[in-house]
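Asks: Everything below, folded, please.
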Amino acid sequence: MDLILSDLHSNLHALRAVLRFARRRSIERFVLLGDLVGYGAHPNQVLDKVRELRPRFLVRGNHDKVCAGVCEDGDFSLPAHGAAAWTRAHLRPDNARFLAELPEGPLQLDPGYLIAHGSPVDEDAYLLHIREIGRAFEGFQGPLCFFGHTHVPGCFELDEAAGKLNWITLQPGTWFTLQPGCRYLVNPGSVGQPRDRDPRASFLSFDPARRRLRLHRLDYDTDGAARAILSAGLHPTLADRLAQGI
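Replies: As a prediction, this is how the structure comes out:
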């Protein structure tokens, strides 16, 4: 069993809840889809815990690149820009190096299974519109790619024989079986900053042997995470959105 996590965004309170979940179920295989930092107030603590996990596979996100100084933040909003600058100033040197050395996606995992932060053809692309989704399916082979970046859980299902593309809203706690003859782009949502109007941390279990996955939503201390953001002097929008899931 793999636990698929994305977009932690320096939210230590949310990550702790996910790790408690994993310990109770003796899950030790982790796959991370990037954006470990940015927005939140605990970048070093989150990175320390990620490094302790020794994830099976890990790719970088756009906030990871910017906070490590690998690229500029030209398209960031004002709150995101401020959080990136604050994070760069507060990262320990070892964690800055860790971020800078994260691999670029897509990354092939087990046969027929790969991961990316944005799209398998562009690590910074948001998979929101039909054109980008079509290019993404054209850009990889095999039945399954996990991606993050949008902070919205669910999956695109492409039935190539029928020529149909469906968006599937995953139901928390219910196994979803991948169908033969279909290909999938699957998003676990965001651990640290959900944006589907549900403030609970969002992530997935993936059972490759049975070709099935399950969405999890966990309550965590959103007030504590918000207070930490405000205490750090980060933009109040980054605190306010946590309780609203936007």
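
Asks: Wasn't residue 82 part of a helix?
Replies: Yes - according to DSSP: H, G, I helix; E, B strand; the rest coil, the state of residue 82 is that of a helix.

Asks: Can you tell me the closest non-neighbouring residue to it?
Replies: Taking Cβ to Cβ, 6 or more residues apart in numbering as the measure, residue 82 lies nearest to residue 235, with 5.5 Å between them; neighbours along the chain are not counted. Backbone N, C-alpha and C define where each C-beta goes, glycine included.

Asks: Check whether the one you found really touches residue 85, as I assumed.
Replies: No - Residue 235 is beyond contact range of residue 85, at 11.2 Å (criterion: Cβ atoms under 8 Å).

Asks: more crowded one of the two?
Replies: For residue 235 against residue 85, the residue with the higher neighbour count under other Cβ atoms under 10 Å is residue 235, and the figures read 18 against 14.

Asks: How confident was the prediction at the more buried one?
Replies: pLDDT for residue 235: 98.

Asks: ok, now which ones touch it?
Replies: For residue 235, the contacting residues are 78, 79, 82, 83, by Cβ atoms under 8 Å, 6 or more residues apart in numbering.

Asks: Next: residue 134.
Replies: Going by Cβ under 8 Å, 6+ apart, the list of residues near residue 134 reads residue 165.

Asks: any idea how far residue 178 is from it?
Replies: In this view, residue 134 and residue 178 are 20 Å apart by Cβ to Cβ, to the nearest Å.

Asks: packing partners for the helix or strand hosting residue 206?
Replies: Applying DSSP states H and E as the criterion places residue 206 in strand 201-207. For strand 201-207, the packing partners by 3 or more Cβ pairs under 8 Å, 6 or more residues apart in numbering; DSSP states H and E come out as strand 2-5, helix 12-24, strand 212-218.

Asks: what's the closest of the ones you listed to residue 106?
Replies: The stretch from those with the least distance to residue 106 (Cβ to Cβ) is strand 2-5; that distance is 14.2 Å.

Asks: So what are the sheet partners of that closest one and their directions?
Replies: Sheet pairing for strand 2-5, assigned by DSSP bridges, gives strand 30-32 (parallel), strand 201-207 (antiparallel).

Asks: Rebuild the ones you listed as CSV, extending it with distance to residue 92.
Replies: Formatted as CSV, the entries for the strands paired with strand 2-5 read as follows, by distance: least, Cβ to Cβ, whole Å:
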stretch, distance to residue 92
strand 30-32, 19
strand 201-207, 25
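
Asks: about what we covered before: may I see the PyMOL selection of the buried members of the contacts of residue 235?
Replies: Taking 16 or more other Cβ atoms under 10 Å as the burial criterion, the selection of buried members of the contacts of residue 235 in PyMOL is written as:
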select buried, resi 79+82+83
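
Asks: Against residue 208, how distant is the residue nearest to residue 82?
Replies: With Cβ to Cβ as the criterion, residue 235 and residue 208 are 40 Å apart.

Asks: and if you look at residue 232?
Replies: Counting by Cβ to Cβ, the separation of residue 232 from residue 208 is 39 Å.

Asks: What's the separation between residue 5 and residue 216?
Replies: When distance is defined by Cβ to Cβ, residue 5 is 10 Å away from residue 216.

Asks: shared neighbours, the two?
Replies: Shared contacts of residue 5 and residue 216, counting by Cβ under 8 Å, 6+ apart, come down to residue 203.

Asks: Of these two, which one has the most company?
Replies: residue 5 (31 against 20).

Asks: correct me, but the more buried one touches residue 189?
Replies: No - Residue 5 is not in contact with residue 189 according to Cβ under 8 Å; the separation is 9.6 Å.

Asks: which residues are in contact with both of these two?
Replies: Once Cβ under 8 Å, 6+ apart is applied, the residues that residue 5 and residue 189 both contact turn out to be residue 203.
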